[in-house]
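Chemist: no letters, just coordinates:
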């Protein structure tokens, strides 16, 4: 059984109240950091921990913090990205609704480390009930003197606000999030300047994922070196994986990075295998935007090594035979899943969520969806597959923000690994559109 | 000052200059095209992706190439930067892709569009695009929105460059139009049909790179290449108006009045609606002489000029051409 650093007390009755949370060691990191450490020492611990951003890109958090510009007399901001809306990823919602104080504690400790006196939690608009939970917890923290003026008599001030988004996936992109937080249309900004130099209100800003910030109290309490002992290589610590799809036990699991994918899917400690005794067909390992991998490649790398749940192992082989850990949205598909339909579904999402600011994404996401819709509904032509691949390539890397890539990768990967199935769809439209019939190249529903 | 190498040509520009503007100081055919960037409008650029270039070396300090192509209109230069535009096949291929993306939902109704002949999208597609399409799906269309008696909004033609939004933001007192919706359903509009009524509203027509915003007083009157552009000015009562315009004549009649544009199609001095819509008699104006037209070649048909070339870029230019260029150096474009 792996250690649980974030979710150890998640099922304790009343853990969402400050009183119970304190009984289980809550807010220790705030006391330790503010009373015994300088801000730079906190940053140093986070650097030592090797913590990598849990929002998807996996950029080392400590390094991100040390990039923050610190001009004299200019306020700095910490913004928590709680706009979790990637299809397949639902870990932050759970963490925030069950353990609101863990996030608040992390925000206080992190804000102290960064020298921010005002911090924001930008929460996905659909999670209104979580916003209420957070606001209640923040009020408790203010009353207990963990927020507000002169925290714990140290002279450090911090105000924490929760701001709901308006229901757009794009506002999870950090610069679009900042625009939205400023009250503008959530369009991503051109970079440079990066938020570390000119972020919220053109001030130096750090934007971190909920789970990254929630890991900070653990790191401060136990020390960065201790945290770094968990995991393998540059993938340190624990990660929340939201497993969904055709699994016996879908749900949110806190794993120590380094668990083999095979164990994660099949062992009873985690997902307990594929449902109804069926065979695994494919896995999307890190939220809908990362490349899909067929069973053979998700369990073992191209070199035959067992694939592990780490940043490095999952991306082994690049995008030819690998994928990404991403945000930990683990979607498993059994043998009855139609890959074309699934790819169309993902594309439909990105088409709907493109902000429409830059041309390759605005036009390209719609084009991809329309072609996939046609293929799925039996009107595909032989040329379509090549056009799909080429349009995806035209979007990838040429857009302002990573939504372009997020829309292109699933399509390119599906064609790379399941080209036969696309061709079968195009050549046998009548069979392919009949309900319950799946590409016979693998196994058909018994 | 920063020294950069653009397509093999060295140029020194002040720090903070964008790659595009550095290229414009060189001039000629190596300048990346720009569909959304507009120098006088703060915050514009980065959206159309037409100006993407490859940075082969980031700076003298860190000579690694940048991982992705960058939008030259918003990326500032670094000392020692090496940029490839026309010398990179990757850039040219991507640009072809951008043309394709911009055109898949464009109605291509150039034969009935007032902008034809002075349309940035037309020029861009002609120079960088392919002549066939792979797009078989239905094109996106929009209902026409009435935004007043002077300007026609034809959203179906729009490429969402945001120029008109920035113009209204920075030129007029209150902006009543903006971008509504998102993705490929995003549209320029006034929230619940509103009239754009402002002394400087007519400038959105000039900044529009396509035929999405056209002059209602000129609509369907004349093809632009049949009209004759003449520079003129008047002492305008409006202190914010420069009074310097181009009159477009057909015979004795002034068909329309526009602000003056430079060789990159940018208006540097704005004009008011009185000058644009109300002063359509020759007697209202002091005539300066024929306006210089370039890039939009159909208008200047029969006014042949030597092409603007960078001899350094084209290695094997015939000797006669080199001699010719030396004797008649290419015009520095502009008015």
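Modeler: Everything's here; your move. Everything numeric in this text was worked out from a predicted model, so none of it was measured.
Chemist: helix/strand/coil for the residue positioned nearest the centre of chain A?
Modeler: Centroid check for chain A by CA atoms, centre = their mean gives residue A:327 as the closest residue, at 2.6 Å. For residue A:327, the assignment made with DSSP: H, G, I helix; E, B strand; the rest coil gives coil.
Chemist: correct me, but it touches residue A:53?
Modeler: No - counting by CB atoms under 8 Å, residue A:327 does not reach residue A:53; the two are 9.5 Å apart. C-beta: built from backbone N, CA, C; applies to glycine.
Chemist: and the gap between the residue nearest to the centre of chain A and residue A:368?
Modeler: To residue A:368, residue A:327 is 22 Å away according to CB to CB, to the nearest Å.
Chemist: host element of the residue positioned nearest the centre of chain B?
Modeler: When CA atoms, centre = their mean is applied to chain B, the residue found nearest the centroid is residue B:265 (4.3 Å). Assigned by DSSP states H and E, residue B:265 belongs to neither a helix nor a strand.
Chemist: excluding residues flanking it in the chain, which one is nearest it?
Modeler: residue B:120 (6.0 Å; CB to CB, 6 or more residues apart in numbering or on different chains).
Chemist: in the stretch 1-150 of chain B, which spans are helices?
Modeler: Remark: helices assigned in the stretch 1-150 of chain B by DSSP state H, counting those that start in this stretch are B:19-26, B:89-104, B:120-128.
Chemist: reformat those as a markdown table; add mean neighbour count and mean pLDDT.
Modeler: Supplementary listing: the helices of the stretch 1-150 of chain B in a markdown table, determined by neighbours: other CB atoms under 10 Å in any protein chain shown; pLDDT from 0 to 100:
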| stretch | mean neighbour count | mean pLDDT |
| --- | --- | --- |
| helix B:19-26 | 21 | 96 |
| helix B:89-104 | 20 | 95 |
| helix B:120-128 | 19 | 90 |
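Chemist: ok so, going back, pLDDT score for the residue nearest to the centre of chain A?
Modeler: What the model reports as pLDDT for residue A:327 is 94.
Chemist: again with the one 5 residues further on
Modeler: pLDDT, the model's per-residue confidence, is 97 for residue A:332.
Chemist: please report phi then psi for the residue nearest to the centre of chain B.
Modeler: phi 70, psi 20 (degrees, to the nearest 10).
Chemist: so how far is residue B:33 from it?
Modeler: 10 Å.
Chemist: re the thing from before, find residues that contact each of residue A:327 and residue A:53.
Modeler: Both residue A:327 and residue A:53 are contacted by residue A:209, under the criterion CB atoms under 8 Å, 6 or more residues apart in numbering or on different chains.
Chemist: what sits against residue 171?
Modeler: In the absence of a named chain, this looks at chain A. A:83, A:122, A:165, A:177, A:180, A:186.
Chemist: try chain B instead
Modeler: Applying CB under 8 Å, 6+ apart to residue B:171 gives the contacts B:200, B:203, B:270.
Chemist: tell me the residues of chain B that contact chain A?
Modeler: When proximity is defined as CB under 8 Å from any CB of the partner chain, chain B approaches chain A at B:45-50, B:52, B:68-69, B:71, B:74-76, B:94, B:97-98, B:100-102, B:104-105, B:134-135, B:137-138, B:140, B:159-160, B:162, B:178-179, B:181-186.
Chemist: that older thread, quick one: which of the contacts of residue B:171 has the most company?
Modeler: Among these, the one with the most neighbours (other CB atoms under 10 Å in any protein chain shown) is residue B:203, at 26 neighbours.
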